[in-house]
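Chemist: Provided below for reference: sequence and predicted model.
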Amino acid sequence: MNWGEILKMVIPILVISIGWLLGQVSSFSNRLISIESKMPALITSDGVPTDSPLSAEKRAKMREDLQRDINDLNVRLRLLEEREKR
């Protein structure tokens, strides 16, 4: 085999490889544009992540539970302080 025949066999493979690579770059670019277009919904202009409705609901429930526990502890503390005074 001479170099001319080898080049005839390799050039189509290189062309196909470059075409595939360009397709992947284009696909990546489209995915990146899609992600960037959704970013304002995920992050505020101040750079703070926004809550999804589910996480906001769970956080509100946790806050209520913690507030109830703190109130219970305050009542118990007052009762203990009153017992000590007697």
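Modeler: Happy to help now that I have it.
Chemist: give me the below-cutoff pLDDT ranges for the protein.
Modeler: Residues of the chain meeting the criterion pLDDT under 70: 40.
Chemist: change it to 50
Modeler: By pLDDT under 50, the chain has no low-scoring segment.
Chemist: report the central residue of it.
Modeler: Leu42 (8.3 Å; Cα atoms, centre = their mean).
Chemist: return the residues in contact with that one.
Modeler: Residues in contact with Leu42 (Cβ atoms under 8 Å, 6 or more residues apart in numbering) are 49-50. The way it works is simple: take the backbone N, C-alpha and C, and place the C-beta from them, glycine included.
Chemist: measure it to Lys61 for me?
Modeler: Computed as Cβ to Cβ, to the nearest Å, the Leu42 to Lys61 distance reads 23 Å.
Chemist: look at Arg86 and say how many residues are nearby.
Modeler: 4 (other Cβ atoms under 10 Å).
Chemist: how far away is it from Leu80?
Modeler: According to Cβ to Cβ, Arg86 and Leu80 sit 11 Å apart.
Chemist: just Glu36 next, same as before
Modeler: Distance from Glu36 to Leu80, by Cβ to Cβ: 57 Å.
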